[in-house]
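Novice: Make a model of this:
(one chain, ligands or ions: 2)
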Amino acid sequence: MEKLIIEGGKKLQGKVEVSGFKNAAVAIIPATVLAADVCTIENLPNISDVEILSKLLVDLGAKVVKKEPRTLEIDTREVSNCFIDYESAKDLRASYYFLGAALGRFKKARVVYPGGCCIGNRPIDQHVKGFEAMGAKVHIEHGIISVEAEKLVGAEIYLDVASVGATINIMLAATMAEGVTVIENAAKEPHIVDVANFLNCMGAKVRGAGTDTIKIQGVKRLGGCQHSVIPDQIEAGTYMIAAAATGGDVLINNVIPKHLEAITAKLREMGVEVIENGESLRVRAMHPLKNVNIKTLVYPGFPTDLQQPMSSLLTIAKGTGVITETIFEGRFKHVDELKRMGANIKVEGRVAIIQGVKKLMGAKVAASDLRAGAALIVAALMAEGETEIENVHYIYRGYDQICEKFTTLGAKISKTY
Ligand SMILES: CC(=O)N[C@H]1[C@@H](OP(=O)(O)OP(=O)(O)OC[C@H]2O[C@@H](n3ccc(=O)[nH]c3=O)[C@H](O)[C@@H]2O)O[C@H](CO)[C@@H](O)[C@@H]1O
Ligand SMILES: C=C(OP(=O)(O)O)C(=O)O
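Specialist: Ligands and ions are numbered 1, 2, ... in the order given. Presented below is the predicted three-dimensional model:
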């Protein structure tokens, strides 16, 4: 099993390029099932989730050709049905997007109940509600979700929670349904807009993505297209936090600053300098930083995916910081690992109270999920001495070349087995 060894205490300096957004890429790849021609997807991150999804497409009968290191040409014309089993999809969440895409094209699909990071209860009732409203029958038996419809008909769907996954899945299914589908209380995260842009590029009629109400006029056919995935908001935020955590000075290129406003605001509140310049952000920090309170919220609020890396930064900020996790109740599993490194954190339900300490110390720790892994890297970079991180496969689900990128910034990271 691969481990990371990090020698902490180096100020990060230099520049880093942000890759394509995992959470957009993992929806766009399954969405190609809807296309009656070849799709070229550029700026895909080099991560294991993308690898697994590409393999799933090949297993379904698609032709997937790597054109450039981060470009795939996908031809799903030969795909005629969709069954995805446990072994091939247990490690990721986004397999559930095959349900919406295949329902749209074949009017049926069978997909294993999704995996992904174990960060709390992750029901799919809103996806099911959306599919049923459009006329599909949904059965969940022996861990397999089966959806089937004689015909899909547009419907008005009010989401009880603004779920990212349900919004995208309903959009996918609705692109080729008869009539108009309206999603109320839709999620507004940046990748919802990217997926809608991709679908529209294929010929779909999706309007309002990025607002609470999305309207989809069904069309008869979707064609091929060329699309470049937007920059990864969460990867960019992780580098911003790491720069601040080490008292560094880092230029983060290929970002959409608007997507990072919540994190920029919090870092500035802590005393970090964040300078915006077109598609770049320069993050410069001098310790000590001031502690802050954070509440995770749906976009444009503070993203839950950055809560864990941010909590590492708060451990060495002056004073007390309170984190309230409103999206996933199980997203504090990294806290015990941070405590091993000397952090002073008390968790009460969905709240973590962090009393800043002078420094963290290197220790042996293990990642419990993707962003817990990112949080431990941030902690290790600022700790005194050596940290050994286990379970790094979680980190590779979502961070493209993370060791290489941090090494370029002056970090001392090596891999061991
Ligand atoms: C692949 C992907 O894009 N993953 C992201 C996506 O996950 P995911 O799509 O799973 O997250 P959702 O937005 O669906 O979940 C948000 C909240 O809604 C609840 N819920 C969700 C669906 C449902 O049918 N019923 C229900 O109650 C969940 O339990 C959670 O409390 O959005 C999360 C919230 O921004 C991010 O942390 C994940 O990185
Ligand atoms: C929770 C995450 O991913 P997933 O939904 O794919 O498990 C994440 O990206 O932080």
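
Novice: What residues does K10 make contact with?
Specialist: Neighbour list for K10: T246, L381, G410, A411, K412 [criterion: CB atoms under 8 Å, 6 or more residues apart in numbering]. (Glycine included, C-beta is placed from N, CA and C.)

Novice: change it to 6 Å
Specialist: G410, A411, K412 (CB atoms under 6 Å, 6 or more residues apart in numbering).

Novice: can you pull up the bridge partners for the last one?
Specialist: When you say that, I think you mean K412. Taking DSSP bridges as the rule, K412 bridges to E7.

Novice: From the contacts of K10, pick the one nearest T326.
Specialist: For the contacts of K10, the closest approach to T326 (CB to CB) belongs to A411, at 31.9 Å.

Novice: and I168, what is it in contact with?
Specialist: With CB under 6 Å, 6+ apart, I168 has these contacts: A27, V195.

Novice: To clarify, my last question referred to R350.
Specialist: R350 neighbours (CB under 6 Å, 6+ apart): E325, E329.

Novice: next one: phi and psi at it?
Specialist: For R350, the backbone dihedrals (degrees, to the nearest 10) come out as phi -90, psi 10.

Novice: Kindly report the same for the one 10 residues further on.
Specialist: Comment: the main-chain dihedrals of L360 come out as phi -100, psi 160, following degrees, to the nearest 10.

Novice: tally of neighbours for it?
Specialist: By other CB atoms under 10 Å, 26 other residues sit near L360.

Novice: gap between the spatially closest residue to K318 that is not a sequence neighbour and ligand 1?
Specialist: Spatial nearest neighbour of K318, excluding adjacent residues (CB to CB, 6 or more residues apart in numbering): P288 at 4.7 Å. Distance, P288 to ligand 1, by CB to the nearest ligand atom, to the nearest Å: 30 Å.

Novice: Now do the SS call for P288.
Specialist: For P288, the assignment made with DSSP: H, G, I helix; E, B strand; the rest coil gives coil.

Novice: Check the contacts of K10 one by one and keep those near ligand 2.
Specialist: Contacts with ligand 2 are made by none of these, judged by CB under 6 Å from any ligand atom.

Novice: So which of the residues you listed is surrounded by the most neighbours?
Specialist: Using other CB under 10 Å as the neighbour criterion, A411 leads the contacts of K10 with 24 neighbours.

Novice: Quote the end-to-end distance of stretch 237-254.
Specialist: 12 Å (CA to CA, to the nearest Å).

Novice: Give me the distance between that stretch and the centre of its chain.
Specialist: Offset of stretch 237-254 from its chain centre (CA atoms, centre = their mean, to the nearest Å): 19 Å.

Novice: Say whether ligand 1 is contacted by it.
Specialist: No. Under the criterion of CB under 6 Å from any ligand atom, stretch 237-254 makes no contact with ligand 1; the nearest approach is 12.1 Å.

Novice: buried stuff in that stretch?
Specialist: 237-254 (16 or more other CB atoms under 10 Å).

Novice: so does it get close to ligand 2?
Specialist: No. Interface with ligand 2: stretch 237-254 contributes nothing (CB under 6 Å from any ligand atom), its closest point being 10.3 Å away.

Novice: Stretch 384-394 now?
Specialist: No. In terms of CB under 6 Å from any ligand atom, no part of stretch 384-394 sits within range of ligand 2; the closest distance is 9.4 Å.

Novice: for the record, mean pLDDT for that stretch?
Specialist: Averaged over stretch 384-394, pLDDT sits at 97.

Novice: Could you write out the alpha-carbon coordinates of that stretch in CSV?
Specialist: Taking C-alpha atoms only, stretch 384-394 is exported to CSV below (Å, rounded to 0.1, in the frame of the first residue of the first chain):
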residue,chain,number,x,y,z
GLU,A,384,7.4,20.1,12.5
GLY,A,385,9.1,16.9,11.5
GLU,A,386,7.9,14.0,9.4
THR,A,387,4.4,12.8,8.7
GLU,A,388,3.5,9.5,7.2
ILE,A,389,0.0,9.3,5.5
GLU,A,390,-1.7,6.0,4.8
ASN,A,391,-4.6,5.3,2.5
VAL,A,392,-3.5,7.7,-0.2
HIS,A,393,-5.7,6.0,-2.8
TYR,A,394,-8.5,8.2,-1.5
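
Novice: related to what we said a few turns ago, can you count the residues close to the residue nearest to K318?
Specialist: By other CB under 10 Å, 15 other residues sit near P288.

Novice: in terms of contact, does it touch G319 like I think?
Specialist: No. In this structure, P288 is not within contact of G319 by CB atoms under 6 Å, at 9.3 Å.

Novice: And the residue of the stretch 151-300 of the chain at minimum distance from ligand 2, how far from V38?
Specialist: Minimum separation of the stretch 151-300 of the chain from ligand 2 (CB to the nearest ligand atom) falls at I234, amounting to 6.3 Å. Look at I234 and V38: by CB to CB, to the nearest Å, they are 29 Å apart.

Novice: V292 too?
Specialist: Distance from V292 to V38, by CB to CB: 48 Å.

Novice: Residue numbers of the stretch 151-300 of the chain in contact with ligand 1?
Specialist: Residues of the stretch 151-300 of the chain lying near ligand 1 by CB under 6 Å from any ligand atom: V161, S163, V164, G165, A166, A187, E189.

Novice: again, only this time at 8 Å
Specialist: Neighbours of ligand 1 within the stretch 151-300 of the chain, by CB under 8 Å from any ligand atom: 160-168, 187, 189, 191, 234, 298-299.

Novice: looking at this structure, which helix or strand is least sure?
Specialist: helix 86-89 (a mean of 88; mean pLDDT, DSSP states H and E).

Novice: what's C82 in contact with, if anything?
Specialist: C82 neighbours (CB under 6 Å, 6+ apart): F98, A102, A109.

Novice: Same check on A285?
Specialist: Here A285 is in contact with A244, G247, V272 (criterion: CB under 6 Å, 6+ apart).

Novice: let's see 10 Å
Specialist: With contact set as CB atoms under 10 Å, 6 or more residues apart in numbering, A285 has these partners: 11-12, 240, 243-250, 267, 270-274, 313.

Novice: Select from those every entry located in strands.
Specialist: D249, V250, E273, V274 (DSSP state E).

Novice: hmm, back to that, for the residues of the stretch 151-300 of the chain next to ligand 1, name the two members farthest from one another.
Specialist: Spanning the widest gap among these are D160 and I234, at 24.8 Å by CB to CB.
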